[in-house]
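Visitor: Just a sequence and a predicted model for now, questions to come.
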Amino acid sequence: MTQNIARIINIDHPALRRKAGEKGTPGEPSVMTTDFVLTFQNPDGSVWYQAYSIKSDEVITKRNAEKQEIERLYWEGINVRFQVYTGSDATRTKSTNISWVTSPFRMRGLPDYG
């Protein structure tokens, strides 16, 4: 699906690097991934999703912006909200909070506070 999106919007799809001496042949398309996809449940039991891409700094290169557009259109096509977070004071605080809240899940068992 992402290859079709790239073709429609005239952007090169991410590809694996070619081996030396293979000039002129396109690289194999690589798998595109998203950093987080969260599942939410409404009080009525219905479920919805939200996708997040995390970038380390506030300046995104043209190529990264192109790949983010492919990713955004993919999620939009399946009716999932997509957001990009970049490095900033606000997102650093959110990142710290997420790390703090999820730390028990990354540990083996829950910490002993007693």
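Guide: Received, thanks.

Visitor: Centroid-nearest residue for this structure?
Guide: Centroid-nearest residue in the chain, with CA atoms, centre = their mean: Thr34, separated by 2.5 Å.

Visitor: Confirm for me that it is in contact with Tyr52.
Guide: Yes - between Thr34 and Tyr52 there is a contact under CB atoms under 8 Å: 7.1 Å. For glycine as for every other residue, the C-beta is placed from the backbone atoms N, C-alpha and C.

Visitor: Overlap of the contact sets of the two?
Guide: Phe82 (CB atoms under 8 Å, 6 or more residues apart in numbering).

Visitor: ok, longest helix in the chain?
Guide: helix 89-106 (DSSP state H).

Visitor: how far away is the residue nearest to Met32 when sequence neighbours are not counted from Val80?
Guide: With sequence-adjacent residues excluded and distances taken as CB to CB, 6 or more residues apart in numbering, Met32 is closest to Thr2, at 4.9 Å. Plainly put, Thr2 is 14 Å away from Val80 if you go by CB to CB, to the nearest Å.

Visitor: quick one, which of these two is more surrounded?
Guide: For the pair Thr2 and Val80, the greater number of neighbours falls to Thr2 (18 against 15), based on other CB atoms under 10 Å.

Visitor: residue ranges of the strands in this structure, please?
Guide: Along the chain, counting by DSSP state E, strands occupy 36-41, 47-54, 81-85.
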